[in-house]
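Chemist: sequence and predicted model, in that order:
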Amino acid sequence: YEFCRRIRMESETPIIMISARDEEVDKILGLELGSDDYLTKPFSPRELVARANRALRRWEQMKQRGDLNSSADHQVTIASHQSELLMLDKQRRLVYSCGEEVEVTSKEFQVLSLLTEHPNRAFSRDELLTLVWGDDYFGSDRVVDDLIRRIRKKLDKIPLETVWGFGYRLRSTERATEG
């Protein structure tokens, strides 16, 4: 888990976690720490190749869209009433709330990045699933609700709103972006 966390702090390289631990809690922890996929032993070599190819395709798509831009020191700030509530340093993958660094998982960072890039825009659960977890995510859309709950717990001062019956939005009256 620590190795996965360290890789994620520096890179968006696809990670497939392979483990004999097949409990749901182990899989969820692996995915929350930044693994793109979690495969339990025993498995067939064909399954591993298929999952690796899928992860590499998704990574290539992200590179083509520019989601993996590491050449610029890109920061996004959400402020309210002249106070900095949230700042994301995308190159270093760091999150600051009211000036204090907050540790977040890879998926939490991806959701925060998406919401800060589009302040006041409501995203449905399905949109968040597709944009963050990918088109081929197989599982409950409630994973989004769980992730939002964890973000709110870590960043309790940010205006992350529920749009009832639809999804979520990050409310902002001011937005500053530096490149």
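Modeler: Now that the structure is in, tell me what you want to look at. Keep in mind it's a predicted model, so treat the numbers as computed, not measured.
Chemist: can you give me the strands in this structure?
Modeler: For the chain, the strands defined by DSSP state E occupy 16-19, 37-40, 75-80, 83-89, 94-97, 100-102, 123-124, 160-163, 167-170, 174-178.
Chemist: list the contacts for Ile151?
Modeler: 104, 108, 111-112, 160 (C-beta atoms under 8 Å, 6 or more residues apart in numbering). Bear in mind the C-beta positions are built from the backbone N, C-alpha and C, glycine included.
Chemist: typed the wrong thing, it's Glu161
Modeler: Glu161 neighbours (C-beta under 8 Å, 6+ apart): 168-171.
Chemist: looking at the contacts of Ile151, which one is closest to Val132?
Modeler: Here the nearest of these to Val132, counting by C-beta to C-beta, is Val111; it sits at 5.7 Å.
Chemist: how close does the closest one get to Asp146?
Modeler: 11 Å (C-beta to C-beta, to the nearest Å).
Chemist: go on, Arg171?
Modeler: Counting by C-beta to C-beta, the gap from Arg171 to Asp146 is 21 Å.
Chemist: list the contacts for the closest residue to Leu56 other than its chain neighbours?
Modeler: Nearest non-adjacent residue to Leu56, counting by C-beta to C-beta, 6 or more residues apart in numbering: Pro14, 6.1 Å away. Listed by C-beta under 8 Å, 6+ apart, the contact set of Pro14 reads 36, 52, 55-56, 58-59.
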